[in-house]
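Asks: Sequence and predicted model, in that order:
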Amino acid sequence: MATPDHKSPNVLLQNLCCRILGRSEADVAQQFQYAVRVIGSNFAPTVERDEFLVAEKIKKELTRQRREADAALFSELHRKLHSQGVLKNKWSILYLLLSLSEDPRKQPHKVSSYATLFAQALPRDAHSTPYYYARPQTLPLNYQDRSTQSAQSSALGSSGVSSIGMCTLNGPTPTPQQSHQAPGVGDALRQQLGSRLAWTLTANQPSLQTTTSKGVPNPVARSVTRPRREGDAGGAVEVTEAALVRDILYVFQGIDGRHIKMSNTENCYKVEGKANLNKSLRDTTVRLAELGWLHNKIRKYTDQRSLDRSFGLVGQSFCAALHQELKEYYRLLSVLHSQLQLEDDQGVNLGLESSLTLRRLLVWTYDPKIRLKTLAALVDHCQGRKGGELASAVHAYTKTGDPYVRSLVKHILSLVSHPVLSFLYRWIYDGELEDTYHEFFVASDPTVKTDRLWHDKYTLRKSMIPSFITMDQSRKVLLIGKSINFLHQVCHDQTPTTKMIAVTKSAESPQDAADLFTDLENAFQGKIDAAYFETSKYLLDVLNKKYSLLDHMQAMRRYLLLGQGDFIRHLMDLLKATNAQFDSPEILKRLDVRLLEVSPGDTGWDVFSLDYHVDGPISTVFTRECMSHYLRVFNFLWRAKRMEYILTDIRKGHMCNAKLLRNMPEFSGVLHHCHILASEMVHFIHQMQYYITFEVLECSWDELWNKVQQARDLDHIIAAHEVFLDTIISRCLLDADSRVLLNQLRAVFDQVIELQSTQDTVCRAALEELQRRLRFEEKKKQREGQWGVTSAEEEEENQRIQEFQESIPKMCSQLRILTHFYQGVVQQFLVLLTTSSDESLRFLSFRLDFNEHYKAREPRLRVSLGSRGRRGSHT
């Protein structure tokens, strides 16, 4: 091999065949021809050329055979091989070793298995992209029929390198019975490899496997059926790669080619079944045809939506972005078509470095395919969406780790979101809402009247809020535009927004939108916050200075919530004698008396009510619902105040009557009983008044006032005011959950009124008796020196006195019944208080029964109060 001729590839290949088969040059002529065809073809396995993957497969196979030491040795050897630059195609070497280690008797489970590389034969007239015959599944894999050296092969247990323990990669370790054959292992190896290579050549000809002793193939073997070319009549048609390239370029545009057509049933491009293609070319063609399918999917979406006006500006922007990407894609196709046309004009043959091949197309279309896949995924995800919801769908695809895809989606998002940001800036800087197709997340109801503008006219469409805008930001955006419209339409303030908001810059182009997306947390948030604070501050200043909002709120507290005591005492007829005279005329003219609907048995106390007229901008805070709550609270407080006045009158009457009736000692027991019961009621009413006035009204008002002072917009004031009303409604027992407690409290109030009526009746009878006795004594003094009265008149007087004295026990009995009923109602009220979830009500029950008088009379109350005391001790 020292001469140059001995170094030619043909000589080396022939020597390799002779060495593997262990025969002479004449005997390996057929195998040598087959090897030449294999090397000269474009035969390639349908696996990825990954050196690391093949090395891992080898190590896994060694590990599976419990040869961990060999696996470790292989890893070390592969590392050393990888560090040296002697071999360029390391993957091919590893792949060859792995393929040789497999047993050809195993049936391949898939086309891409390693055994397929050597288990399929090439036709003699193979071209650069040959057609591969499939090995018949019924082929008997009998090694004795393939080689005359099968005896030595079977002695080693299996064919090929896989059975040699000392030099194989995944073969079992030789058994002791095989150790005496060690000197002939080399010959056996050559015979087995020769047997394997000979079988791969004749695998498709089971009846013509034998050759002559000189190695010349049987003449019958030359009569193998060849595939038909495109010009042949009938049967399969062999398709050249150049024809496939031309078809693929048409498929890229969504046009069916001659051999590649769209399958409507499977919704994909497929190569015609009659075309003779090897699996490698067919798979490459299918992979390339995917671009045409993606193109059709995107083009169909844009064609349908571009003509749909209801799709809105955001949707049209999305279609424009897709068209822009397709335009870049068409530019690539025009370059490919030009290249193909140039090759046709110059007659460039397929296979040269400058020619257009399927593999080159696969490389050149890699990036466009990623872009089209991303666009197709966006199209699928955006189906049925419009406006802000469509922008959210596009924004969701920016959350990817692939910088290439993220850059593409961000570019599309900048185009899609431009209309949304235009809507937004027009709304927050001008208060104008031009949303014809309902794409913006702020909705307007034109049927709402001006007095309900703040509450009902403008709302948020939550489904249209883009995902790159937070809920807090969207709420501020709503408030900004709503404040501007409220100032113009309700407050009649026509101040230009340029004087309210210092910064006014809109998204004039998609590039502005793109720049804004790069700094959502700072630039965009800063614009929203600036407009929000300045607009809200201006609105609150107008309401407080021009419409006296805070003064009206204090007036509600003083009059409707009985916060001004002297006014309640003198009522409306003494208005100018109270501190109300110092209030603003604007407030006094809104204060009025309102008579409720009269029911049978009602007195003036029951139908009297105060009213406060609100209109204009302040009616936004003091709505009709709020005023109805104020009316309910006033009626409750008015009734409680009435009980206080009644008991005051009872105490005054008792003190006066005690002095007048001290000459009637028999009546002192009745007065004492009235005094005891009135004292109990006074204690109850005073404790209730303290609870309502200080724990409910004053504490809630203080919280409201602090929130109002710190409010940043009108919504904060409205929310704080609603919380204030809800709190006093609940704690004054006026809500639905406290209905039973309120009924018991009203029963207590009724007993107070009943005591007043009973005491008035009893004292009136006693005073009448006293007047009769005084007249009788006066009559006796008028006749001096004579008997003042006759015996008959004296007897009549004594009988009348006796009748009065007999009526006193009835009076005491009536008072005892009233006391018993009152205490029963109070006991039930205390039981309900102790079981309430409100802590302030439980403390109220403790104050009402501070001396445990009712606890001793009611066992249920005793248990409840005891458990309450234990809870209090732990805290």
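Replies: Yep, it's here. Numbers count the residues shown, from 1 in each chain.
Asks: Quick check, Lys90 in contact with Leu81.
Replies: Yes: counting by CB atoms under 8 Å, Leu81 is a contact partner of Lys90 at 6.4 Å. The C-beta positions use only the backbone N, C-alpha and C, and glycine is treated the same way.
Asks: burial measure for Leu358, as a count.
Replies: Leu358 has 19 neighbouring residues, counting by other CB atoms under 10 Å.
Asks: cool, Glu803 as well?
Replies: 10.
Asks: Can you name the next helix or strand after the helix or strand containing it?
Replies: Per DSSP states H and E: Glu803 is located in helix 791-834. Following helix 791-834 in sequence order, the next helix or strand is helix 839-848 (DSSP H and E).
Asks: And the helix holding Glu803, what does it pack against?
Replies: If you count contacts as 3 or more CB pairs under 8 Å, 6 or more residues apart in numbering; DSSP states H and E, helix 791-834 packs onto helix 668-690, helix 739-782, helix 839-848, helix 853-857, helix 859-874.
Asks: Now tabulate those helices in TSV and tack on distance to Gly22, mean neighbour count and mean pLDDT.
Replies: Output for those, formatted as TSV (distance: least, CB to CB, whole Å; neighbours: other CB atoms under 10 Å; pLDDT from 0 to 100):
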stretch	distance to Gly22	mean neighbour count	mean pLDDT
helix 668-690	118	17	89
helix 739-782	108	16	84
helix 839-848	102	17	86
helix 853-857	116	16	77
helix 859-874	99	13	50
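Asks: what are the ranges of the strands in the stretch 251-400 of the chain?
Replies: Assigned by DSSP state E, counting those that start in this stretch, the strands in the stretch 251-400 of the chain fall at 260-263, 268-271, 275-276.
Asks: Those strands: which one's closest to Arg282?
Replies: Closest to Arg282 of the strands of the stretch 251-400 of the chain is strand 268-271 (CB to CB; 5.7 Å).
Asks: residues making contact with that closest one?
Replies: Contact partners of strand 268-271, identified using CB atoms under 8 Å, 6 or more residues apart in numbering, comprise 239, 251, 259-263, 277, 282, 285-286, 289-290, 292-293.
Asks: again, but for stretch 470-486
Replies: Stretch 470-486 has contacts (CB under 8 Å, 6+ apart) with 424, 427-428, 430-431, 433, 441-442, 453-454, 457-460, 465, 469, 497, 500, 524-525, 528-529, 531-532, 535-536, 538-539, 617, 620, 713-715.
Asks: Chain neighbours aside, what residue packs nearest to Glu644?
Replies: Ile685 (5.6 Å; CB to CB, 6 or more residues apart in numbering).
Asks: The one you found and Val752 touch, don't they?
Replies: Yes: applying CB under 8 Å, one finds Ile685 in contact with Val752, separated by 7.1 Å.
Asks: which residues do the two both contact?
Replies: Overlap of the contact sets of Ile685 and Val752 (by CB under 8 Å, 6+ apart) consists of Met643, Leu647.
Asks: Report pLDDT for Asn522.
Replies: Note on Asn522: pLDDT of 73.
Asks: Determine the number of other residues adjacent to it.
Replies: Around Asn522 there are 9 other residues, counting by other CB under 10 Å.
Asks: How about Asp430?
Replies: By the measure other CB under 10 Å, the count of residues near Asp430 is 16.
Asks: Distance of it relative to His418?
Replies: The gap separating Asp430 from His418 is 18 Å, by CB to CB, to the nearest Å.
Asks: quick one, what contacts Thr398?
Replies: Applying CB under 8 Å, 6+ apart to Thr398 gives the contacts Arg406, Val409, Lys410, Leu413.
Asks: again but with Asp247, I slipped
Replies: By CB under 8 Å, 6+ apart, the residues touching Asp247 are Gly257, Arg258, His259, Ile260.
Asks: Tell me the secondary structure at it.
Replies: helix (DSSP: H, G, I helix; E, B strand; the rest coil).
Asks: State the pLDDT value of the spatially closest residue to it that is not a sequence neighbour.
Replies: Nearest non-adjacent residue to Asp247, counting by CB to CB, 6+ apart: Gly257, 2.8 Å away. Turning to Gly257, the model gives it a pLDDT of 87.
Asks: thought Gly257 was touching Val251?
Replies: Yes: at 5.6 Å, Gly257 counts as touching Val251 under the criterion of CB under 8 Å.
Asks: can you give me the helices in the stretch 1-150 of the chain?
Replies: Using DSSP state H, counting those that start in this stretch, the helices of the stretch 1-150 of the chain run over 9-21, 29-40, 51-64, 68-83, 90-100, 116-119, 143-146, 150-155.
Asks: Deepest-packed of those helices, please.
Replies: Mean neighbour count (mean count of other CB atoms under 10 Å) peaks for helix 116-119 among those, with a mean of 21.
Asks: quick revisit: show me which of the contacts of Asp247 are buried.
Replies: Gly257, His259, Ile260 (16 or more other CB atoms under 10 Å).
Asks: can I get those in CSV with distance to Leu631?
Replies: Listed next are the buried ones among the contacts of Asp247 as CSV, based on distance: CB to CB, whole Å:
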residue, distance to Leu631
Gly257, 83
His259, 87
Ile260, 81
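Asks: list the contacts for Asp493?
Replies: Counting by CB under 8 Å, 6+ apart, Asp493 makes contact with Leu487, Val542.
Asks: tell me the pLDDT at it?
Replies: Looking at Asp493, its pLDDT is 87.
Asks: how close does it sit to Pro419?
Replies: Using CB to CB, one gets 30 Å for the distance from Asp493 to Pro419.
Asks: same thing with Val448?
Replies: Using CB to CB, one gets 26 Å for the distance from Val448 to Pro419.
Asks: Those two: who's more crowded?
Replies: Between Val448 and Pro419, counted using other CB under 10 Å, the more crowded position is Pro419 (26 against 15).
Asks: Just the element for the more buried one, please.
Replies: Per DSSP H and E: Pro419 is located in helix 418-430.
Asks: Could I get the average pLDDT for that helix?
Replies: Mean pLDDT, helix 418-430: 90.
Asks: mind checking how far it is from the chain centre?
Replies: In terms of CA atoms, centre = their mean, to the nearest Å, the centre of helix 418-430 is found 25 Å from the chain centre.
Asks: and that helix, what does it pack onto?
Replies: Against helix 418-430 (3+ CB pairs under 8 Å, 6+ apart) you get helix 312-346, helix 387-396, helix 471-489, helix 510-517, helix 525-545.
Asks: one step back: quick one: average confidence on the helix holding Glu803?
Replies: 84.
Asks: same thing with stretch 467-481?
Replies: What stretch 467-481 shows for mean pLDDT is 93.
Asks: That stretch: which residues count as buried?
Replies: Residues of stretch 467-481 classed as buried: Phe468, Ile469, Gln473, Ser474, Lys476, Val477, Leu478, Leu479, Ile480, Gly481 (neighbour count, 16+ other CB under 10 Å).
Asks: just curious, which of those residues is nearest to Val394?
Replies: Using CB to CB, those come closest to Val394 at Phe468, 9.8 Å.
Asks: SS state for the closest one?
Replies: coil.
Asks: unless I'm mixing things up, it is touching Ala393, no?
Replies: No: using CB under 8 Å, Phe468 makes no contact with Ala393, being 11.7 Å away.
Asks: From Met688, how far off is the residue nearest to Cys732 when sequence neighbours are not counted?
Replies: Among residues not flanking Cys732 along the chain, Phe636 sits closest, at 5.5 Å (CB to CB, 6+ apart). Distance, Phe636 to Met688, using CB to CB: 11 Å.
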